[in-house]
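Asker: Here is my input, please return the structure:
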Amino acid sequence: MLYGNNYLVVFYKSFDTLYSYTKIGHIDNLPDLGNGNIIVKFEK
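Answerer: Purely as a prediction, here's the structure:
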């Protein structure tokens with residue numbers, strides 16, 4: 001997600017917040033998150 005104009009943030013769990021984020025993608029294979037190395041890939 002994008003916060004403001006220049007902060008990229010990655011969340012792996014939903015939660016309530018007062019901040020506004022812009023969704024710019026999603027995480028595939030969420031059950032595998034945290035089991036070893038994580039590769040983050042940005043694509044157009």
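Asker: So for the protein, the centremost residue is which one?
Answerer: Against the mean C-alpha coordinate of the chain, by C-alpha atoms, centre = their mean, the closest residue is residue 10 at 2.7 Å.
Asker: ok, now how distant is that residue from residue 25?
Answerer: Residue 10 is 9 Å from residue 25, where distance means C-beta to C-beta, to the nearest Å. No exception for glycine: its C-beta is placed from N, CA and C like everyone else's.
Asker: likewise residue 14?
Answerer: Following C-beta to C-beta, the distance that separates residue 14 from residue 25 is 15 Å.
Asker: out of these two, which sits in the busier spot?
Answerer: Higher neighbour count among residue 14 and residue 25: residue 25, with 13 against 6, using other C-beta atoms under 10 Å.
Asker: check contacts around that one.
Answerer: For residue 25, the contact set (C-beta atoms under 8 Å, 6 or more residues apart in numbering) comprises residue 42.
Asker: can you rerun that using 10 Å?
Answerer: By C-beta atoms under 10 Å, 6 or more residues apart in numbering, the contact list for residue 25 reads 1, 2, 8, 10, 40, 41, 42, 43.
Asker: Which pLDDT value belongs to the fifth one?
Answerer: When you say that, I think you mean residue 40. pLDDT, residue 40: 73.
Asker: Hmm, residue 27 and it touching each other?
Answerer: Yes - between residue 40 and residue 27 there is a contact under C-beta atoms under 10 Å: 9.2 Å.
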